[in-house]
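Novice: This is the structure alone, sequence omitted:
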Ligand SMILES: [Mn+2]
């Protein structure tokens, strides 16, 4: 009966939504752990908002693109110190948990900033925002060591929230995703109709958007030998065709830590100043021995900036 009572109490707490976002942000920045009820309120409120987001966020104006942060709270904090949400929409390209030192703090900080921001903070989904990945690369362990017997419930709950994160953002003629384009993806409308709450994810297009890598050794698509599974490489021809069909000019993605913190791939013309390639890869986590880097788009010009 004791266990049943506990389960009922946990289920009831799925309804708590009253939250002090400043307190969550302050605690996260100090590395303090949120109480179970604070955390439930944060996750419940996040789910309520995220479940209503389109899978493809459409934006105009200035934007900052932030690559993988993987528990690097310092980088996430620095982004907000350097770039104001009054001027920019800040688009995080996924992979908030696993690997780094402050995974819980980073995820909670970003969710709170998202809730506070009225659309000026966008959190896209990465391949690590899925239980099949974050049970193996650190996040589940962090929950286990932080929340004692409540950890399995929280592990599911976080992943329920992650499964509501959108897959793509469009800023003028640029598209932003975590990994890249997918083999069966022709039209942007297919992104808009991707299922929400797809935890694994089981949808093939969603899966490849999160996992695929660009390669200049491939023209169209090929097996991604470095990642395996059903992941693919995509080449310049495939990307050009996709961009052209959707009246786009470039792709901004993360997912790979290039030595400089960024890489330009696939030479080609765009109307964006500073952009003579059609793909920009960006990475923002300092734990890979690379300089954490973001991409700043002022509406006409793209610039790569180190944090
Ligand atoms: Mn990734």
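Specialist: That came through fine. Values in this document were obtained by computation on a predicted structure and should not be read as measured data.

Novice: Could you use CA atoms for every contact and neighbour count after this?
Specialist: Noted.

Novice: neighbours around the residue nearest to residue 285 when sequence neighbours are not counted, how many?
Specialist: Of all residues not flanking residue 285 in the chain, residue 69 sits nearest, at 4.4 Å (C-alpha to C-alpha, 6 or more residues apart in numbering). For residue 69, the count of nearby residues is 31 (other C-alpha atoms under 10 Å).

Novice: wouldn't residue 69 be in contact with residue 101 here?
Specialist: No: using C-alpha atoms under 8 Å, residue 69 is not in contact with residue 101; the gap is 10.6 Å.

Novice: Nearest residue to residue 163 in space, ignoring adjacent ones along the chain?
Specialist: That would be residue 197: by C-alpha to C-alpha, 6+ apart, it lies 4.5 Å from residue 163.

Novice: Please report the distance of the one you found from residue 118.
Specialist: Distance of residue 197 to residue 118, given as C-alpha to C-alpha, to the nearest Å: 22 Å.

Novice: Give me the more crowded residue out of those two.
Specialist: Taking other C-alpha under 10 Å, residue 197 and residue 118 do not tie; residue 197 has more neighbours (15 against 10).

Novice: any idea of the pLDDT on the more buried one?
Specialist: At residue 197, the pLDDT value in this model is 96.

Novice: Likewise for residue 189?
Specialist: The model's pLDDT for residue 189 equals 98.

Novice: Could you report the separation of it from residue 56?
Specialist: In terms of C-alpha to C-alpha, residue 189 sits 9 Å off from residue 56.

Novice: And these two? Which one has more around it.
Specialist: Per other C-alpha under 10 Å, whichever of residue 189 and residue 56 has more neighbours is residue 56, with 22 against 12.

Novice: quick one on the thing from earlier: identify the residues contacting the residue nearest to residue 163.
Specialist: With contact set as C-alpha atoms under 8 Å, 6 or more residues apart in numbering, residue 197 has these partners: 160, 161, 163, 164.

Novice: Pull up the distance across stretch 208-226, start to finish.
Specialist: 14 Å.

Novice: buried set for it?
Specialist: 208, 209, 210, 211, 212, 213, 214, 215, 220, 221, 224 (16 or more other C-alpha atoms under 10 Å).

Novice: Would you mind checking the contacts of residue 197 for buried ones?
Specialist: 160, 161, 163, 164.

Novice: so the last one makes contact with residue 48?
Specialist: No: applying C-alpha under 8 Å, one finds residue 164 not in contact with residue 48, separated by 9.4 Å.

Novice: what ranges do the helices span in this protein?
Specialist: Ranges of helices within the chain are 2-12, 21-30, 36-50, 73-82, 103-116, 131-134, 139-146, 151-162, 188-192, 204-211, 236-245, based on DSSP state H.
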